[in-house]
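In: Predicted model follows, preceded by the sequence.
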Amino acid sequence: MPRKKSGPPCDQILPYLNEDVIPLICSWLPLPDVKNCRLVSRTWNVAAKPILRKKSVINLECSFDKGEIARNARIQREMASFGQPLHHVDIRICDLGKIDFKSKVYLDQVHLFTKYLSVHKLAISVHIRVLLYPPFELNPQPSG
């Protein structure tokens, strides 16, 4: 039968790392490693969170229709949990051709993004679909 090791627990043997050093270490690590550092202990979790927030990108997809109102309220609550300011937000706008830029729904959503999403770095990508009637080629081949 193996003998149990007796002696002080590891916490008493190893010296504690100064909490001010943890963010410096995490700032040099890639995002997946910062996520793993949070699992070391509560101290590491607290110290690594600000670095994780700075390195993370929040992706939002927006389609500006009436069904988005409830979704925006949920997004607003979730964004509040991240704290202010947000560092990197990427907003993808779909179906731009359907937007009435003077509608209350559109203006409410613009207000949501400008008031509640205080960001350092904002990327907006727009996807436009063009339907041509009747269908024809944009680059016709010369006949001959």
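Out: Noted; the coordinates are in hand.
In: Residue 22: neighbouring residues, count only.
Out: When counting by other C-beta atoms under 10 Å, one arrives at 20 neighbours for residue 22. In short, each C-beta sits where N, CA and C put it, glycine included.
In: does it really touch residue 47, like I thought?
Out: Yes: the pair residue 22 / residue 47 is scored as a contact, 3.6 Å apart, by C-beta atoms under 8 Å.
In: May I ask which helix or strand of this structure has the lowest mean pLDDT?
Out: Least confident helix or strand of the chain, by mean pLDDT, DSSP states H and E, is helix 10-13 with a mean of 53.
In: State the mean pLDDT of the next helix-or-strand element following it.
Out: Note on helix 10-13: by DSSP states H and E, the next helix or strand toward the C-terminus is helix 21-27. Averaging pLDDT along helix 21-27 yields 91.
In: Quick one: list the elements packing against helix 21-27.
Out: When contacts are defined as 3 or more C-beta pairs under 8 Å, 6 or more residues apart in numbering; DSSP states H and E, helix 21-27 sits against helix 31-37, helix 42-55.
In: Pull out the buried positions in that helix.
Out: 22, 23, 25, 26 (16 or more other C-beta atoms under 10 Å).
In: Equivalent analysis for stretch 40-60, please.
Out: 44, 47, 48, 51, 52, 53, 54, 55, 56, 58, 60.
In: quick one: low-confidence parts of this protein?
Out: Residue ranges of the chain with pLDDT under 70: 1-17, 60, 62-70, 72-73, 76-77, 79-86, 91, 93-144.
In: So what's the residue count around residue 30?
Out: There are 8 residues near residue 30, going by other C-beta under 10 Å.
In: Kindly reformat the helices and strands packed on helix 21-27 as TSV containing distance to residue 78.
Out: Conversion of the helices and strands packed on helix 21-27 to TSV gives the following (distance: least, C-beta to C-beta, whole Å):
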stretch	distance to residue 78
helix 31-37	18
helix 42-55	14
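In: Thank you, goodbye.
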